[in-house]
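Participant: Sequence first, then the predicted structure, then my questions.
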Amino acid sequence: MFKAVLAFVKQSPTAILVLLPVLNLLMPALEALVNAMIAAEQTQGTVAVGAGSNKTAKKLVLLNAATSVGKALYSYANSKEDSVLGKLMQEMLEEMDKKADATFIMRCMTIHEKGVEHVGQLGPYGISDAVLTALELTINNYKGQEENVRNRIVERAYATTNIAVLQKETTELLKKQMDPAIESMPNNEDTMPYKTEYKRNRVIIDLGHRHTQFKGMTSSQGTQKPLSFVELEFRNEERTLKVKSGNDGKYKETLHPDIYDIIATHPDFEPFIISGVKIQAGEIKVTNIELVPKING
């Protein structure tokens, strides 16, 4: 999910934030979207026959989601000099994680209600209908760990739909605001390492929550004869997976959605490399690979 980008941006050197103050405004929006997506994915992952993740984990996810919305409302209230809303949000956020369940849930519900009331003005802070829906689902998920099966299946379906909306909103924030902001930095010895690292983190954002299949045939160029025992390596900064083609030259691997470099090797053939292959969520990608025989001597 987009945590890699968020984690990197939050670790921004002070000099970078001074140089580009817009990042200070964009970081809370990105954090709100990321926390909303985590919340929706937790609800989606709660199976109909069990409680899913434990209560402590559920509370942490809800805490982060509610805090993001509460902070956005607090910032909005300050910008509009709305002391009543600002004071309420400050009260809701104070020591929220230390309160008893009933108080904790009440505060999360209050934050959600005020978010719905002001959602039209919260766009710059990363708060949208999809974020608030994710928060509501997470509140219900935390409150009703023993709810009947039918209700939980319905919530899971809502969460699945909501994830797609949140991913779209986060991608738009990155493409339309974060990326241009980074590109606007001058190219010098202070900023270039930062820009390079941002791009490296930027390409490993989650492209979906489902796995995918990557399969095909390995053969010898010219003869099209199937090649067995060709080693295929799927590699990026997050993970490396290896698989070998079978006696019929066919290979298949299940992958996380991501962007990979693919390297095919065989002792008697030249290496074959494909860079930057984008694996989408849920797709079945077929790629046939022809290897060139090595020239002896």
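Facilitator: Here it is on my side, so go on.

Participant: Longest strand in the chain, please.
Facilitator: Once the chain is assigned using DSSP state E, the strand that runs over the most residues is strand 269-279.

Participant: as a whole number, average confidence for whichever helix or strand comes after that one?
Facilitator: Proceeding C-terminally, strand 269-279 gives way to strand 284-286 as the next helix or strand, assigned by DSSP states H and E. Computed over strand 284-286, the mean pLDDT rounds to 80.

Participant: Could you do stretch 251-264 as well?
Facilitator: According to the model, stretch 251-264 has a mean pLDDT of 83.

Participant: Quick check: buried residues in that stretch?
Facilitator: Neighbour-count burial for stretch 251-264, with 16 or more other C-beta atoms under 10 Å as criterion, is recorded at 251, 253, 255-260, 262-264. C-beta here means a position set from N, CA and C on the backbone, and glycine is covered the same way.

Participant: Just the closest of those to residue 125, please.
Facilitator: Within these, distances to residue 125 taken as C-beta to C-beta reach their minimum at residue 257, with 28.2 Å.

Participant: hmm, back to that, adding secondary structure, write the buried residues of stretch 251-264 out as JSON lines.
Facilitator: Compiled in JSON lines, the buried residues of stretch 251-264 are given as follows (DSSP: H, G, I helix; E, B strand; the rest coil):
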{"residue": "251", "secondary structure": "strand"}
{"residue": "253", "secondary structure": "strand"}
{"residue": "255", "secondary structure": "strand"}
{"residue": "256", "secondary structure": "coil"}
{"residue": "257", "secondary structure": "coil"}
{"residue": "258", "secondary structure": "strand"}
{"residue": "259", "secondary structure": "strand"}
{"residue": "260", "secondary structure": "strand"}
{"residue": "262", "secondary structure": "strand"}
{"residue": "263", "secondary structure": "strand"}
{"residue": "264", "secondary structure": "strand"}
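
Participant: Can I get the residues you listed in JSON lines including distance to residue 196?
Facilitator: Below are the buried residues of stretch 251-264 laid out as JSON lines (distance: C-beta to C-beta, whole Å):
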{"residue": "251", "distance to residue 196": "33"}
{"residue": "253", "distance to residue 196": "29"}
{"residue": "255", "distance to residue 196": "26"}
{"residue": "256", "distance to residue 196": "24"}
{"residue": "257", "distance to residue 196": "24"}
{"residue": "258", "distance to residue 196": "19"}
{"residue": "259", "distance to residue 196": "16"}
{"residue": "260", "distance to residue 196": "20"}
{"residue": "262", "distance to residue 196": "23"}
{"residue": "263", "distance to residue 196": "23"}
{"residue": "264", "distance to residue 196": "28"}
